[in-house]
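# sequence first, then the predicted structure:
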Amino acid sequence: MKNVSQLLPFNNPVKAQLFDKDGNLKWEDECFNGIVTEGLALLYDVLFEGGTAPTALYIALMTDPVTEADADTYASHGYTENTDYSSPANRPEWVATTTARAHSNSVTADFTMSGTNDIAGIAIVTNVATKGDTAGSADLWATAKFSTVASVVLSDVLKITYTVQG
């Protein structure tokens, strides 16, 4: 049996950079996401079955520890969402443009931290901007686990760039 990444061999990098309150780079990482079965089903539904496309995609922060699995869904997943950021007020929308064989946000999604936490990665979710929501009408597209945890403190800014390419 093939897993989702074998069925849909995208190479989707996530670039993360953490800056202190003075703008000094503290940490950076580049990892790759795992498209979950729910995300793949959404893609198939929209492209091949005439399903409704999501109104928006949002970036959620994952707190350590993270257990990623193909079976993760929006309502039931192996991570805890970190909502301890003051800006933006909600999950930032992934606003991306297409060039050649890639779709990426040219402006980073910035999270201004309002506490001390470990950030282990990100999740890409559809339709629901509310931080911490798991009951809304949404799908989980993908998760990405950083290779090392980002330890954030008050006023740090975590900048995320997410790209879908194939």
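Happy to help now that I have it. This one's a predicted model, so the numbers in the text were calculated from it and none came from an experiment.
# my read: residue 84 touches residue 111, true?
No - using Cβ atoms under 8 Å, residue 84 makes no contact with residue 111, being 9.3 Å away. C-beta: built from backbone N, CA, C; applies to glycine.
# now for the residue most central in space within the chain: which residues touch it?
Residue closest to the mean C-alpha point of the chain, counted by Cα atoms, centre = their mean, is residue 123 at 3.0 Å. Residues counted as contacts of residue 123 (Cβ atoms under 8 Å, 6 or more residues apart in numbering) are 59, 60, 62, 77, 79, 81, 140, 142, 143, 144.
# residue 42 should be in a helix, yeah?
Yes - assigned with DSSP: H, G, I helix; E, B strand; the rest coil, residue 42 falls within a helix.
# could you find the closest non-adjacent residue to it?
Leaving aside its sequence neighbours, residue 42 sits nearest to residue 139 (Cβ to Cβ, 6 or more residues apart in numbering; 4.8 Å).
# tally of neighbours for residue 109?
Other residues within reach of residue 109, judged by other Cβ atoms under 10 Å, total 21.
# that one and residue 157 touch, don't they?
No - using Cβ under 8 Å, residue 109 makes no contact with residue 157, being 10.7 Å away.
# how about the contacts made by the residue nearest to residue 137 when sequence neighbours are not counted?
What sits nearest to residue 137 in space, not counting adjacent residues and going by Cβ to Cβ, 6+ apart, is residue 127, at 6.0 Å. With contact taken as Cβ under 8 Å, 6+ apart, residue 127 is in contact with 54, 55, 56, 58, 136, 137, 138, 139.
# what count of nearby residues applies to the fifth one?
Other residues near residue 136 come to 13 when the count uses other Cβ under 10 Å.
# what values do phi and psi take at it?
Main-chain dihedrals, residue 136, degrees, to the nearest 10: phi -70, psi 170.
# quick one: contacts for it?
Here residue 136 is in contact with 74, 127, 128, 130 (Cβ under 8 Å, 6+ apart).
# what about burial for those residues, which qualify?
Among those, those scoring as buried are 74, 127, 128 (criterion: 16 or more other Cβ atoms under 10 Å).
# all helices for this structure, in order.
For the chain, the helices defined by DSSP state H cover 4-7, 37-48.
# what average pLDDT does stretch 21-39 get?
Across stretch 21-39, the average pLDDT comes to 94.
# list the buried residues of stretch 25-44.
Buried, per 16+ other Cβ under 10 Å, within stretch 25-44: 27, 29, 31, 33-40, 42-43.
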